[in-house]
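In: sequence? don't have it. structure:
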């Protein structure tokens with residue numbers, strides 16, 4: 001058949017057995033061209049055909065050539081459709097439509113019956129009244145040549161037309177059906193189902209039916225089965241070009257045509273599907289559905305017997321093979337019964353075909369008395385064998401487990417997962433008990449970790465992903481949670497031993513495992529905190545370790561570094577562990593009231609000599625560690641007192657290693673505690689710079705002193721430097737004259753100031769000649785210089801004579817004489833009797849035999865590195881005195897803002913404000929409140945005596 005100059009190889013249209021339907025229900029179909037010359041965008045000639053035995057060729061020529069166009073399509077009004085190349089489809093009065101262009105009429109359609117036209121790009125419909133048999137064919141050669149051969153047009157939806165809802169209508173005429181139709185048809189379908197289950201689907205013999213609908217030609221080609229709104233089925237056969245298949249499918253999608261299936265075999269199951277369709281259409285859906293259930297059940301019963309007969313390892317293989325066969329059969333059956341699946345089953349709320357097949361498999365196979373228990377035991381047995389080290393067929397396990405999952409989550413959970421978890425719990429309960437009796441903590445944790453990884457791997461290979469959390473919870477409970485405390489406290493291998501031996505790997509494993517169970521990390525944290533506090537307490541209270549303050553602080557830093565490394569490498573930088581570490585250090589450092597002093601002495605040692613030759617990065621690192629310990633101190637003001645004293649000595653003696661390091665530490669203290677904390681420390685550096693300028697001016701005003709600077713004076717501001725008792729010392733006459741000159745110069749330059757000499761803080765360089773003419777330059781303290789100058793006028797002096805001549809306090813004098821006479825290698829004096837201690841009856845004389853390989857000899861003063869008990873009491877008293885104004889200032893600030901406040905809240909607020917400097921004593925706060933009341937800053941409430949009011 002030739003249409004519009006385009007050859008169509010063959011088109012077969014299957015019609016419904018009842019042909020009395022209205023034409024509006026029959027118009028549908030597809031005709032496919034095999035023309036190879038048309039190219040571009042996989043374009044193919046597509047045409048719509050009415051499903052009727054006799055179709056006027058004019059209808060085909062006129063309406064049924066379509067091709068998507070990109071332009072030239074518009075809609076003028078409800079009666080006119082303008083198409084490409086000015087081709088117009090126009091209503092011709094009330095008698096029909098006329099196709100024309102701007103030149104002449106090329107064809108007309110007239111008639112009385114209604115018809116519908118389905119077009120690419122949507123659904124458009126228009127109607128014409130008239131008799132279908134009177135529709136004239138359009139044979140115009142001009143129309144063929146100018147339009148149909150050259151281009152194809154598409155009708156677009158009319159803008160003013162409402163969208164029509166399509167539905168399947170009941171037959172409009174009484175239908176007479178053969179009484180045996182349903183039984184005969186079901187026999188055919190039943191036979192087909194039997195053949196499918198018997199693997200004979202490829203041999204289904206439907207030649208007679210196929211010949212009735214499809215003709216006699218055979219061969220391998222593509223067949224397409226389509227359905228338009230479920231009302232009419234269409235089959236297109238003998239399509240040899242697969243690209244043309246794509247064009248047809250595209251057309252079907254656009255036109256709401258359902259493509260049921262594309263077959264590659266000419267003799268297909270279309271006839272079976274058609275029979276199933278007719279049974280549903282003729283109200284035999286219930287018979288078809290029940291027959292399907294019965295037939296499938298019979299086959300599944302036979303399958304279950306075959307599975308039951310399988311022995312040993314063949315059991316799962318047979319089950320897997322039968323399950324795959326059942327799925328293939330179920331797919332084919334669902335294709336045959338697709339119409340029933342889409343129409344009858346939803347309307348009657350029955351189970352769909354595929355789900356029905358799964359349910360029947362579940363009930364007849366999986367829940368069979370002889371299969372259910374055997375299947376579970378077999379699966380659990382394979383899991384047990386794998387856990388004990390055997391190799392199993394994971395692929396087969398995966399297929400069986402997937403089968404249970406496909407049957408529904410409840411089947412998987414009830415028939416496998418729940419028993420699997422119960423058996424796993426018992427298995428790991430027994431195994432963990434065995435392990436913990438024979439293994440140390442580290443080895444046990446390795447086994448637990450390996451088991452946990454094995455279970456997660458097992459889930460990955462053949463279990464449901466949702467089972468991972470459940471099975472890991474079982475392992476965690478039985479192997480970790482139930483033995484958690486025993487593992488942590490295990491003797492010789494528990495957490496404490498791991499901490500002592502720096503077993504980072506075991507600590508990390510314990511952390512990773514314990515974090516998976518409730519209260520796991522808290523157990524580790526509590527044991528670590530307890531151990532750390534006990535160790536730190538021993539460290540800060542051991543009298544032997546307190547003898548060397550520098551070593552004391554260094555041990556604290558080493559301990560902190562150790563636990564920082566543990567938390568970083570083993571505990572994943574867990575903030576809760578870091579907080580526990582800080583809390584523990586703060587606890588035991590403040591157990592020793594001398595910790596502030598020791599930390600200051602440590603800094604003093606480092607900045608005097610300990611940082612020589614050290615890079616700036618290392619200096620910063622050491623200072624950062626010192627600041628870390630400083631933060632733990634509750635009495636930071638005590639540290640400030642000692643640090644100020646030590647800094648003063650370093651600055652005045654010129655013993656500091658690096659001014660930059662000194663200033664860096666002050667900046668860190670300022671950042672930590674604020675400007676007030678470091679303002680006096682910064683003032684000390686300012687005084688040192690001012691003193692240099694002052695000495696330059698002094699020598700400029702006294703040129704008679706020459707270029708050699710015999711006297712160097714440091715002028716210190718009293719408020720910035722640590723207060724020292726003013727001690728009178730009898731300086732040698734030479735020094736006294738110079739000191740008086742400087743006093744006169746300074747007071748003449750600065751009015752309103754007073755100078756007091758701090759001879760205990762000075763140094764001197766003196767030149768000495770010993771018995772054999774050996775000359776040395778001795779670097780000594782001011783006190784030592786006063787003692788040595790006495791021997792210019794005497795060969796031998798007693799202790800009392802020296803004390804009376806110098807006026808040096810007894811304690812300082814004894815240390816001074818001890819350093820001059822008792823230090824080997826630097827004993828420029830000798831004493832009788834010879835001993836390490838200085839007595840009041842001792843006599844001293846010059847050591848004529850003194851010698852040294854150095855010209856310059858430094859003679860240090862024997863100074864107690866730690867304060868004596870009276871000195872400690874004095875320092876503590878000064879600290880307490882300094883705290884009083886700070887507490888009062890805090891109270892006034894709080895009351896000024898609150899106006900009225902009770903006693904307990906004042907204590908709380910004051911403690912909070914001052915905690916950055918020291919821990920205020922509530923008793924002292926109460927005393928300061930009473931002092932402020934006496935001075936009319938506060939008053940008590942007349943009714944509530946614990947309530948205070950601020951007085952402006």
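Out: Received it, and whenever you're ready, just let me know what you need. Model, not experiment: these values are computed from the prediction. Numbering: from 1, shown residues only.
In: From residue 397, how far out is residue 758?
Out: With the distance defined as CB to CB, to the nearest Å, residue 758 ends up 90 Å from residue 397. No exception for glycine: its C-beta is placed from N, CA and C like everyone else's.
In: Please say which of these two ends up with more neighbours.
Out: Neighbours were tallied for residue 758 and for residue 397 using other CB atoms under 10 Å; the higher tally belongs to residue 397 (21 against 18).
In: Name the residues of the helix or strand encompassing residue 459 that are buried.
Out: Assigning secondary structure by DSSP states H and E places residue 459 in helix 441-462. Within helix 441-462, the residues that qualify as buried are 441-442, 444-449, 451-452, 455, 458-459, 462, counting by 16 or more other CB atoms under 10 Å.
In: And for stretch 517-536?
Out: Per 16+ other CB under 10 Å, stretch 517-536 contains these buried residues: 517, 520-521, 523-525, 527-529, 532-533, 535-536.
In: for that stretch, the distance to its chain's centre please.
Out: Mean-position distance between stretch 517-536 and its chain equals 25 Å (CA atoms, centre = their mean, to the nearest Å).
In: residues in contact with the nearest residue in space to residue 680 that is not next to it in sequence?
Out: Distances taken as CB to CB, 6 or more residues apart in numbering put residue 720 closest to residue 680, at 4.7 Å, once the chain neighbours are dropped. Taking CB atoms under 8 Å, 6 or more residues apart in numbering, we find residue 720 in contact with 680-681, 683-684, 686-687.
In: okay, those in TSV with distance to residue 784 next?
Out: What follows is the contacts of residue 720, written out as TSV (distance: CB to CB, whole Å):
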residue	distance to residue 784
680	29
681	29
683	29
684	25
686	30
687	25
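In: which ones among those are found in helices?
Out: Mapping the contacts of residue 720 onto helices (DSSP state H) picks out 680-681, 683-684, 686-687.
In: In the strand or helix carrying residue 676, which residues are buried?
Out: Secondary structure assigned from DSSP H and E places residue 676 in helix 675-701. Residues of helix 675-701 classed as buried by neighbour count (16+ other CB under 10 Å): 677-678, 680-681, 684-685, 687-688, 691, 694-695, 698-699.
In: Check pLDDT for these and point me to the minimum.
Out: Model confidence across the buried residues of helix 675-701 bottoms out at residue 677, which has 81.
In: Can you tell me the closest non-neighbouring residue to that residue?
Out: Excluding the flanking residues, the one nearest residue 677 by CB to CB, 6+ apart is residue 669, at 6.0 Å.
In: Can you give me the pLDDT of the most centrally placed residue in the chain?
Out: When the chain is reduced to its mean C-alpha position, the nearest residue by CA atoms, centre = their mean turns out to be residue 572, at 12.8 Å. pLDDT, residue 572: 92.
In: just residue 383 next, same as before
Out: Each residue has a pLDDT score; the one for residue 383 is 95.
In: Can you get me a residue count around it?
Out: Using other CB under 10 Å, the number of residues around residue 383 comes to 21.
In: who's in contact with it?
Out: Contacts were defined as CB under 8 Å, 6+ apart; by that measure residue 383 touches 420, 423-424, 458.
In: repeat that for 10 Å
Out: For residue 383, the contacting residues are 392, 397, 416, 420, 423-424, 427, 455, 458, 462-463, by CB atoms under 10 Å, 6 or more residues apart in numbering.
In: name the element it belongs to?
Out: Here residue 383 is covered by helix 369-387, with elements defined by DSSP H and E.
In: And the residue nearest to residue 680, how close does it get to residue 669?
Out: Spatial separation of residue 720 from residue 669 under the definition CB to CB is 15 Å.
In: ok, now residue 522?
Out: On the measure of CB to CB, residue 522 and residue 669 end up 36 Å apart.
In: ditto for residue 679
Out: With distances taken as CB to CB, residue 679 is found 11 Å from residue 669.
In: Over to residue 367?
Out: Residue 367 sits at a distance of 79 Å from residue 669 (criterion: CB to CB).
In: what does residue 455 give?
Out: Summarising the geometry, the distance separating residue 455 from residue 669, computed by CB to CB, is 55 Å.
In: what does residue 711 give?
Out: To residue 669, residue 711 is 34 Å away according to CB to CB.
In: ok, the buried residues of stretch 517-536 vs residue 374, which is closest?
Out: residue 517 (36.0 Å; CB to CB).
In: For residue 480, the count of nearby residues, please.
Out: Counted with other CB under 10 Å, the neighbours of residue 480 add up to 23.
In: For it, give me phi and psi.
Out: When quoted as degrees, to the nearest 10, the phi and psi of residue 480 stand at phi -120, psi -60.
In: thinking it is in contact with residue 514, fair?
Out: Yes. Counting by CB atoms under 10 Å, residue 480 does reach residue 514; the two are 6.6 Å apart.
In: overlap in contacts of the two?
Out: Shared contacts of residue 480 and residue 514 (CB under 10 Å, 6+ apart): 445, 487, 520.
In: mind listing what's buried in stretch 561-568?
Out: So stretch 561-568, judged by 16+ other CB under 10 Å, has buried residues 563, 566-567.
In: Rebuild these as CSV, extending it with distance to residue 295 and pLDDT.
Out: Shown next, in CSV, are the buried residues of stretch 561-568 (distance: CB to CB, whole Å; pLDDT from 0 to 100):
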residue, distance to residue 295, pLDDT
563, 75, 94
566, 71, 94
567, 70, 95
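In: Those in helices, which ones?
Out: 563, 566-567.
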